[in-house]
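Chemist: Below is the sequence, then the predicted model.
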4 protein chains.
Amino acid sequence: MTTLTLEEARGVLQAQPFSMMLGTVLTRFDESGITLELDVNAQLLQQHGYVHGGVLCYLADNAITFAGGLTLGPDVLTSGVALTYLRPAQGERLIARARTQGSTSRTAATQVEIHVQNAEGEYLCAVGSGTVTARTR
Amino acid sequence: MTTLTLEEARGVLQAQPFSMMLGTVLTRFDESGITLELDVNAQLLQQHGYVHGGVLCYLADNAITFAGGLTLGPDVLTSGVALTYLRPAQGERLIARARTQGSTSRTAATQVEIHVQNAEGEYLCAVGSGTVTARTR
Amino acid sequence: MTTLTLEEARGVLQAQPFSMMLGTVLTRFDESGITLELDVNAQLLQQHGYVHGGVLCYLADNAITFAGGLTLGPDVLTSGVALTYLRPAQGERLIARARTQGSTSRTAATQVEIHVQNAEGEYLCAVGSGTVTARTR
Amino acid sequence: MTTLTLEEARGVLQAQPFSMMLGTVLTRFDESGITLELDVNAQLLQQHGYVHGGVLCYLADNAITFAGGLTLGPDVLTSGVALTYLRPAQGERLIARARTQGSTSRTAATQVEIHVQNAEGEYLCAVGSGTVTARTR
């Protein structure tokens, strides 16, 4: 298994047009897990002024995939993702931290926590999990 | 419970800046379920040229919420969503069809199927489920 | 792919000591899906007199696996299961109906509904989903 | 919120006929999480000689509920559970460790890891998550 460096993993993120449109950045990619961050702007909201649940889903999906890639190597597929919403997300920045909870040589079971950063600090808005598999060739 | 009309439900979607940025349209909202559609463009892709999984997650989350709202009335919260990816999504349009699988007066368990439309027809790329709850006041 | 007959599928169930201890029976295994049934007795309950959630989980897991096996052939592994509880289960018999929602040649995304049968009829107590994969050799 | 002691929590488990039939014991219930353990015997197996997935599901469901109860107080309902199987379970004892990953005053998002203990030590066979809600009165 080849492990990517933080710079290489950032290169993967930057090759995702959707992530670049949203402005996602990778701020950590090491043995303790991975962190994706995203500045909130008016285009990411839903009808009540909170961050759209779909933005949180996107971030969870992406964080899970990077966490699985950290464990299994860069050639992975995410086979499933699940997210539980705990609180509406309202603030300046989203921070998604993911890590592998358990793995075999071909499958990583990962988990993710999404926090919202605002003037008062951080609060947890959603938690999730996902399964990432190594591509067989 | 007040049930929205298709026009009113479209108003809800149009009040979501994130959905408007992506170009999502609501094409069905009746007793058989709801359908959201989204034209694929280059900004929605990931590094291999497929639609980003996070776009599918967004669409699943939103479809599930509309399906729950159809069952429980407009004042709902989505408490969780799960998505299983079956095939990479490559094509011109995404079509997400969701319906309520079972419900109580306060909770709707919903499911969603996401198809990709291309020159040859449609294929299923992801299936999911979600739980929607009526807001208590 | 070899498809099992109902009799052969019953043979698989009967080879499961845990299912035999609980008394599970397979009452349908055809193109429309599969049905597992289980008589409720005092040993299956939790502390409030309802069927233990773990019994419903067991039934969901097993129904999902049979549904996946119907689609993919007998040599399958269940890779994940999720269940949402809608109502407490109290009655004489549990009926779990499962079918494949979508599949590739190697993966089946399945869903399950669990009803409780009592003197008044049937009611839905839980819905779920699961992923079943064909074993590669 | 009233927090149960380990002894009181054991009383809850002992009031579950299904858990008593299977032989589940609660070995930890403190601020770091909860642990349920179960000796494997021939009645808990499936047709290939491994522990039945439904037994793991039962254990996950129950561990999640105790973890949620630790966070929210004893009067809780489990609204959903999800489990990912990583390896076949074969050994002498199952050990399920669960804790709350994040919570509000009414909802706890929990996670669980199930290990198998055999002559060589322990290995992880399944990971999962679940949502527990406080009952409103």
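Modeler: Ah, there it is.

Chemist: Contact residues of chain A facing chain D?
Modeler: A:82, A:84, A:86-87, A:101-104, A:107, A:109, A:111, A:113, A:124, A:127-129, A:131 (C-beta under 8 Å from any C-beta of the partner chain). Just so you know, the C-beta spots here come from the backbone N, C-alpha and C atoms, and that holds for glycine as well.

Chemist: Type out the PyMOL command that picks the buried ones from those residues.
Modeler: Those of the residues of chain A next to chain D that count as buried under 16 or more other C-beta atoms under 10 Å in any protein chain shown are selected in PyMOL with:
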select buried, chain A and resi 82+84+86+101+102+103+107+109+111+113+124+127+128+129+131
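
Chemist: so which of the residues of chain A next to chain D also contact chain C?
Modeler: Okay, of the residues of chain A next to chain D touching chain C (C-beta under 8 Å from any C-beta), that's A:82, A:107, A:131.

Chemist: what's the closest residue to the second one other than its chain neighbours in contact with, if anything?
Modeler: Leaving aside its sequence neighbours, residue A:107 sits nearest to residue A:133 (C-beta to C-beta, 6 or more residues apart in numbering or on different chains; 5.3 Å). In this structure, residue A:133 makes contact with A:68, A:72, A:76, A:77, A:78, A:79, A:106, A:107, A:108, judged by C-beta atoms under 8 Å, 6 or more residues apart in numbering or on different chains.

Chemist: Kindly recompute the last result at 10 Å.
Modeler: A:68, A:72, A:76-80, A:104, A:106-108, C:79, C:133 (C-beta atoms under 10 Å, 6 or more residues apart in numbering or on different chains).

Chemist: give me the element it is part of.
Modeler: Element membership for residue A:133 (DSSP states H and E) is strand A:121-134.

Chemist: between that strand and strand C:121-134, how big is the angle?
Modeler: Going by axes from the mean of the first three to the mean of the last three C-alpha atoms, to 10 degrees, strand A:121-134 is angled at 60 degrees with respect to strand C:121-134.

Chemist: Name every strand pairing with strand A:121-134 and say which way it goes.
Modeler: strand A:76-85 (antiparallel), strand A:107-118 (antiparallel) (DSSP bridges).

Chemist: can I get those strands in CSV with distance to residue D:29 and mean pLDDT?
Modeler: Below are the strands paired with strand A:121-134 laid out as CSV (distance: least, C-beta to C-beta, whole Å; pLDDT from 0 to 100):
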stretch, distance to residue D:29, mean pLDDT
strand A:76-85, 23, 96
strand A:107-118, 22, 97
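
Chemist: if we can go back for a sec, how near is the residue nearest to residue A:107 to residue D:37?
Modeler: Distance of residue A:133 to residue D:37, given as C-beta to C-beta, to the nearest Å: 30 Å.

Chemist: which residues of chain A score low on pLDDT?
Modeler: A:1-2, A:137 (pLDDT under 70).

Chemist: Tell me where it has strands.
Modeler: A:25-30, A:33-39, A:76-85, A:93-103, A:107-118, A:121-134 (DSSP state E).

Chemist: could I get those as TSV with distance to residue C:26?
Modeler: What follows is these, written out as TSV (distance: least, C-beta to C-beta, whole Å):
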stretch	distance to residue C:26
strand A:25-30	48
strand A:33-39	43
strand A:76-85	27
strand A:93-103	32
strand A:107-118	29
strand A:121-134	28
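
Chemist: Point out the one among those strands that comes closest to residue A:47.
Modeler: Between residue A:47 and those, the shortest gap by C-beta to C-beta is with strand A:76-85, which sits at 15.5 Å.

Chemist: Could you export the closest one as CSV, CA atoms only?
Modeler: Output of strand A:76-85 as CSV, limited to C-alpha atoms (Å, rounded to 0.1, in the frame of the first residue of the first chain):
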residue,chain,number,x,y,z
VAL,A,76,-10.4,3.3,-3.2
LEU,A,77,-14.1,3.4,-3.7
THR,A,78,-16.6,4.6,-1.1
SER,A,79,-19.5,2.1,-1.1
GLY,A,80,-21.8,3.7,1.4
VAL,A,81,-22.2,6.7,3.7
ALA,A,82,-24.6,7.5,6.5
LEU,A,83,-25.1,10.7,8.4
THR,A,84,-27.1,11.6,11.5
TYR,A,85,-28.0,15.3,11.9
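
Chemist: Was I right to think residue A:75 contacts residue A:69?
Modeler: Yes. In terms of C-beta atoms under 10 Å, residue A:75 counts as a neighbour of residue A:69; the distance is 8.2 Å.

Chemist: what about those two, which has more around it?
Modeler: Using other C-beta atoms under 10 Å in any protein chain shown, the more surrounded residue of residue A:75 and residue A:69 is residue A:69, with 24 against 12.

Chemist: show me what contacts the residue lying closest to residue A:34 once chain neighbours are set aside?
Modeler: Nearest residue to residue A:34 in three dimensions, chain neighbours excluded: residue A:66, at 4.4 Å (C-beta to C-beta, 6+ apart). Counting by C-beta under 10 Å, 6+ apart, residue A:66 touches A:4, A:9, A:12-13, A:26, A:28-29, A:33-36, A:74, A:76, A:78, A:96, A:98, A:110, A:112, A:132.
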